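# structural data only, the sequence is not supplied:
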């Protein structure tokens, strides 16, 4: 069952994320990737305008980030998507606590989950397998690096 997420509506509901953080969207996408992997679902996450120089639609595995077109909001884009579902609405879940999105989701006959409720589910999934961050990822020793460079024809002195 594909999930449609109102990204900026969900971010403030997740402890540690804030709309004032420049990386808030990337952090949410990273969390949603793990959620999708564990729950075996696909997510379309909508945000207001894309960062300058970035495409409006970006794919991250089972997560598709969709940024609103110029002159539109993420809410406008979600409602437009819901109108296009026609009889397939029952196959989707919408995550938002925004009243206008909830009205459109009900009209499309989708399953509706509040941002608070989804945040609790997301956190439970992430507690099962915490996200890796770059500081905690394993590194290789200089001896291992030398071995790999030698094996693949690199110069061990050019690290």
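Looks like it came in fine. Here the structure is a predicted model, which means the values were calculated and not measured. Residues are numbered from 1 along each chain as shown.

# contacts, neighbours, all on C-alpha from now
Noted.

# how would you label the spatially most central residue of the chain: helix, strand or coil?
Central residue of the chain (Cα atoms, centre = their mean): residue 29, 2.6 Å from the mean position. With DSSP: H, G, I helix; E, B strand; the rest coil as the basis, residue 29 sits in helix.

# next one, pLDDT for it please.
Note for residue 29: predicted pLDDT of 96.

# just list whatever residues bridge to the closest residue to it other than its chain neighbours.
Leaving aside its sequence neighbours, residue 29 sits nearest to residue 63 (Cα to Cα, 6 or more residues apart in numbering; 7.0 Å). Applying DSSP bridges to residue 63 yields these beta-bridge partners: residue 43, residue 60.

# list the contacts for residue 63?
Going by Cα atoms under 8 Å, 6 or more residues apart in numbering, residue 63 touches 29, 32, 33, 36, 42, 43, 44, 45.

# show the low-confidence segments of the chain, by residue range.
130-159 (pLDDT under 70).

# again, only using 90
1, 22, 49-55, 70, 86-87, 89, 128-159 (pLDDT under 90).

# show me the strands in it, by range?
Under the criterion DSSP state E, strands of the chain are mapped to 3-6, 43-47, 57-60, 63-67, 93-95, 111-113.

# could you give the angle of the fourth one to strand 43-47?
Which is strand 63-67. 20 degrees (axes from the mean of the first three to the mean of the last three Cα atoms, to 10 degrees).
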